[in-house]
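Chemist: pasting the sequence and the predicted model now:
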Amino acid sequence: MDSLLTYAAPGDAPLMQRVPVLLPMLLDTTFDYLVDDDVDAAPGTFVRVPFGPQERIGIVWDRRIDTSSKPVDEAKMKALIRAHDVPPLPEISMRFAEWVARYTLTPLGMVVRLMMSANAAFEYQRPRMGVRLIGPPPPRLTPGRERAIAAATDGNIRPKASLARDADVSTAVIDGLVKSGTFVQSEMPDAGFPFPDAEHAIPEFAEQQDQAAETLRSAIRGKNFSVSLLDGITGSGKTEVYFEAAAECLRQGRQVLIMLPEIALTGQFVARFEKRFGCRPLEWHSAISQGERGRIWKAVASGEAQAIIGARSSLFLPFHDLGCIIVDEEHENAFKQEDRVTYQARDMAVVRGHLGKASVVLASATPSIESQVNARDGKYRHIRLTERYSDAELPEITAIDMRKDPAPRGRWLSPVLVDAITETSRKGQQSLLFLNRRGYAPLTLCKSCGHRIDCPQCSAYLVEHRFRGRLTCHHCGFNTPLPRTCPKCGDQDSMIPCGPGVERVAEEVRDIWPDARLAILSSDLTPGMSEMRDILAAITAGEADIIIGTQIVAKGHHFPHLATVGVVDGDLGLGQADPRAAERTFQLLAQVTGRAGRTGTEGRGLIQTHLPEHPVMQATISGDRELFLEREILQRQVAVYPPYGRLAALIVSAKMKPAAEDYARLVARSAPPATSIMVLGPVEAPLAIIRGRHRFRILIKAPREIDLQAYLRGWLDNIPPAKGDLRLQVDVDPYSFL
Ligand code: ADP
Ligand code: ZN
């Protein structure tokens, strides 16, 4: 490799190094650049290079990657501009990027782009300025000025905005005091990064928890790759237990990453982390500001940041020495990223752990079938927690047969559920109503002509959002005011909502229990992260009587006052043509009912269903997970579905339907023959049109011992490229079949 990288220029020109640089673009090649001898461009260095008419930031890779065999013309080779003053990309991150690229069939440049998603890390950061009290008060002292001075008497430097907030004045007041010489502007000291203390507050463990914690600690002490499935019922204290794995890892001076499926969860989580480790963890998700992202990215790369909690993208941070990866709620589909680089973060966490000799902990009360099979096969260590912490019991689950106890006309709650909630409220406890559907009504229809309002750019009905007074498409975001007259027949006031969404259930709740304090949790009703956190905190504090929510409420929250959970439509999701439909419904029902009765109060779950005899419903009611698992495993074996078979999807789309269809046919026809691999389709996608693009799907099914990626590569390398507005998307291990 060295001989490749050093290039002796002819004549007596100085010796120049030549290095391959990978750019964060849709490319699978490195480009060679010349480096002056005095520039340190070791592998992993982030460098600025000329690229066409532009400058780009790239990474010096440690090998040359080239899909074209064209020799590089030395004379045309450009020199790199400079090295960035940021820590280099660790070698493990390079191997990880290559692995993910190969597995997901994504150009390496796009994976590397995920690793560099912190622009601020590469830019000059203006020092943050603050103000500090130095001089005497000005002669004209308004009450506002007085408050501002009082708030700053300790002489510390504060950001102007936060001082203004503390003193309840406008920033103009602060500016005035700077002018008068009372305050001075100065650079904020770098706050540095908090250091989590592994010994800060170790809880007293129940016996089962203690054993589980010790098993995890000894895995960490082994400093080797391992995967543990922490499989504990809701409320068994999985968080407390895996914190001990994190603590042991911190004792070793290695970094910890805790991945959560939903950033709405991080509020409560941060508080729990702080209680255990004495400081807040660093957060990495879409709601973190650009500047903060840059700061955290660098600190993760240098090793200064010890513990990160984050969404799936945090797995691509350039960890200096990652010793432990915890994936909480590992069964959640939110770990699958669908756009651009499609990857399953839980699976990639296992790969990352393997490359970096880290312990991986997958935690869930309803582990994915994939993980349960791996545990059965002995690939994963299986740690079980079968009891709730302290004297809390699992809630009692019953089905409400909607055929026998239907809701009144135009209503959605059965009298049985209404009585249960009334009783719960009488005891001063909380109830939660769960419906996995945003908005007011999923369909709006004309009672005169039967016309249904659908999206002009997708094959989907528009959902009424009454709170905002609009009809919205949940696939493309298109929205329009609710029409008074039918767009088709022109009848006045003939449009009627069909079916319930959370807003409609909320309306019914207000009607039945006018005095109840409601909390509605739906991503579209809460403007931002902090509002979401406020609502969650209010629920935790017992400031709501009835909670109504979409799937955000199902995930991992700990609501101490919650006694009754009602599932408005337990059958939703069962009808989908998706190999994981049963699994997903089972998990969702177990998770959402599992929010009830977590602190000693007796909890119960009531599921409204038209199919009480359905195996998923039966397993949920009896709590017999093993029975469900046996059945599900058998079905997957027979159908050669994951984890017994491997799937990939090819999705072809174009503005014009014939173009999409023709190309999809051509792609399918080009599939290399292979006896054990099935190529199904193309068929029009269930969601046939999204954003005006017609979609066709091809599904590839293979036994699990087949190298599906090699097959796909051999196939896709030999088809004519998608030209014009045609697009071909590859989804390895698909989770969505729409
Ligand atoms: P899970 O994630 O398994 O559903 P949690 O980790 O949220 O459960 O624990 C449920 C509740 O019990 C939390 O409030 C947690 O703080 C508490 N808890 C669990 N184990 C302990 C323990 N050993 N000491 C004190 N509190 C605990
Ligand atoms: Zn649409």
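Modeler: That came through, no problem. Ligands and ions are numbered 1, 2, ... in the order given.
Chemist: what is the burial count for whichever residue of the stretch 501-650 of the chain sits closest to ligand 1?
Modeler: For the stretch 501-650 of the chain and ligand 1, the shortest gap (Cβ to the nearest ligand atom) falls at His558, measuring 4.6 Å. Heads up, the C-betas are built off the backbone N, CA and C, glycines and all. Neighbourhood size, His558 [other Cβ atoms under 10 Å]: 16.
Chemist: quick one: secondary structure of Leu611?
Modeler: At Leu611, secondary structure determined by DSSP: H, G, I helix; E, B strand; the rest coil is coil.
Chemist: who touches it in this structure?
Modeler: Contacts for Leu611 (Cβ atoms under 8 Å, 6 or more residues apart in numbering) come out as 570-571, 574, 617.
Chemist: for ligand 2, see how far away Pro720 is.
Modeler: Between Pro720 and ligand 2 the computed distance is 30 Å (Cβ to the ion, to the nearest Å).
Chemist: what pLDDT does the model give the closest residue to that residue other than its chain neighbours?
Modeler: Spatial nearest neighbour of Pro720, chain neighbours left out: Leu666 (7.2 Å); criterion: Cβ to Cβ, 6 or more residues apart in numbering. Per-residue pLDDT puts Leu666 at 97.
Chemist: distance of the residue of the stretch 501-650 of the chain closest to ligand 1 from Gly594?
Modeler: Separation of His558 from Gly594 (Cβ to Cβ, to the nearest Å): 10 Å.
Chemist: give me the common contacts of those two.
Modeler: Jointly contacting His558 and Gly594 under the rule Cβ under 8 Å, 6+ apart are Gly235.
Chemist: burial measure for the residue lying closest to Lys657 once chain neighbours are set aside, as a count.
Modeler: With sequence-adjacent residues excluded and distances taken as Cβ to Cβ, 6+ apart, Lys657 is closest to His694, at 4.2 Å. Close neighbours of His694, defined as other Cβ under 10 Å, add up to 21.
Chemist: go on, Glu531?
Modeler: 11.
Chemist: same question for Val360.
Modeler: The burial count for Val360: 25, using other Cβ under 10 Å.
Chemist: show me the shaky parts of this protein.
Modeler: 1-15, 67-74, 264-265, 600 (pLDDT under 70).
Chemist: up against ligand 2, what does it have?
Modeler: Within the chain, the positions near ligand 2 by Cβ under 5 Å from the ion are 455, 457-458, 473, 475-476, 478.
Chemist: can we see that at 6 Å?
Modeler: For the chain, the residues in contact with ligand 2 (Cβ under 6 Å from the ion) are 455, 457-458, 460, 473, 475-476, 478.
Chemist: neighbour-wise, give me the winner out of these.
Modeler: Cys455 (24 neighbours).
Chemist: residue contacts, that residue?
Modeler: Taking Cβ under 8 Å, 6+ apart as the contact definition, Cys455 lies against 461-462, 473, 475-476, 478.
Chemist: elements contacting whichever strand or helix holds Val373?
Modeler: Using DSSP states H and E, Val373 falls within helix 369-376. On a contact count with 3 or more Cβ pairs under 8 Å, 6 or more residues apart in numbering; DSSP states H and E, helix 369-376 meets strand 226-232, strand 381-385, helix 625-639.
Chemist: mind listing residues that contact it?
Modeler: If you take Cβ under 8 Å, 6+ apart as the criterion, helix 369-376 is touched by 227, 229, 231, 330-331, 346, 362, 364, 367, 380-382, 580, 583, 629, 632-633, 636, 642-644.
Chemist: before we move on, back to that, can you count the residues close to the residue nearest to Pro720?
Modeler: Applying other Cβ under 10 Å, we find 13 residues neighbouring Leu666.
Chemist: wait, a helix at it?
Modeler: Yes - counting by three-state DSSP, Leu666 falls inside a helix.
Chemist: could you shift the numbering so residue one becomes 51, and keep it that way?
Modeler: New numbering, starting at 51: the last item is Leu716.
Chemist: ligand 2 versus that one, what's the distance?
Modeler: For Leu716, the distance to ligand 2 (Cβ to the ion) stands at 28 Å.
Chemist: same question, Arg453
Modeler: Arg453 sits 34 Å away from ligand 2, taking Cβ to the ion as the criterion.
Chemist: for this structure, longest strand please?
Modeler: As assigned by DSSP state E, the longest strand anywhere in the chain is strand 728-740.
Chemist: please identify the pairing partners of that strand and their relative orientation?
Modeler: The strands that strand 728-740 pairs with in its sheet are strand 743-753 (antiparallel) (by DSSP bridges).
Chemist: next secondary structure element downstream of the partner strand?
Modeler: By DSSP H and E, the next helix or strand past strand 743-753 is helix 758-766.
Chemist: helices or strands next to that following helix in the packing?
Modeler: With contacts defined as 3+ Cβ pairs under 8 Å, 6+ apart, the packing partners of helix 758-766 are strand 695-704, strand 743-753, strand 777-782.
Chemist: off-centre distance for the longest strand of the chain?
Modeler: Its chain's C-alpha centre and that of strand 728-740 lie 26 Å apart, by Cα atoms, centre = their mean, to the nearest Å.
Chemist: enumerate the positions of it that are buried.
Modeler: Applying a neighbour-count criterion of 16 or more other Cβ atoms under 10 Å, one finds 729, 731-732, 734-735, 738-740 buried in strand 728-740.
Chemist: what do you get for stretch 574-583?
Modeler: So for stretch 574-583, counting by 16+ other Cβ under 10 Å, buried means 574-576, 579, 582-583.
Chemist: taking those residues one by one, which sit in helices?
Modeler: Those of the buried residues of stretch 574-583 mapping onto helices are 579, 582-583, per DSSP state H.
Chemist: CSV for these, including distance to ligand 1?
Modeler: Formatted as CSV, these follow (distance: Cβ to the nearest ligand atom, whole Å):
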residue, distance to ligand 1
Met579, 21
Met582, 19
Arg583, 17
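Chemist: between the buried residues of stretch 574-583, which is nearest Ser786?
Modeler: Closest to Ser786 out of the buried residues of stretch 574-583 is Asp574 (20.1 Å), distances taken as Cβ to Cβ.
Chemist: residues in contact with stretch 204-224: which ones?
Modeler: Here stretch 204-224 makes contact (Cβ under 8 Å, 6+ apart) with 178-183, 192, 194-195, 197-198, 200-202, 225, 233, 236-239.
Chemist: and the closest residue to ligand 1 within the stretch 301-450 of the chain, how far is that from Ala646?
Modeler: Going by Cβ to the nearest ligand atom, ligand 1 is nearest to Tyr439 of the stretch 301-450 of the chain, at 3.6 Å. Distance, Tyr439 to Ala646, using Cβ to Cβ: 15 Å.
Chemist: more crowded one of these two?
Modeler: The neighbour count for Tyr439 versus Ala646, taken as other Cβ under 10 Å, is higher for Ala646 (30 against 20).
Chemist: so that one lies in a helix, does it not?
Modeler: No - counting by three-state DSSP, Ala646 falls outside a helix, being coil.
Chemist: kindly format the C-alpha coordinates of whichever strand or helix holds Ile450 as PDB.
Modeler: Per DSSP H and E, Ile450 falls inside strand 446-451. Coordinates of each C-alpha in strand 446-451 appear next as PDB, following Å, rounded to 0.1, in the frame of the first residue of the first chain:
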ATOM      1  CA  GLU A 446     -54.700  -7.400  33.700                       C
ATOM      2  CA  ILE A 447     -55.600  -7.400  30.000                       C
ATOM      3  CA  THR A 448     -59.100  -8.000  28.700                       C
ATOM      4  CA  ALA A 449     -60.700  -7.700  25.300                       C
ATOM      5  CA  ILE A 450     -63.800  -5.700  24.700                       C
ATOM      6  CA  ASP A 451     -65.800  -7.500  22.000                       C
END
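Chemist: summarise which helices and strands that strand is packed against.
Modeler: Applying 3+ Cβ pairs under 8 Å, 6+ apart, we find strand 446-451 packed against strand 654-659, helix 665-672.
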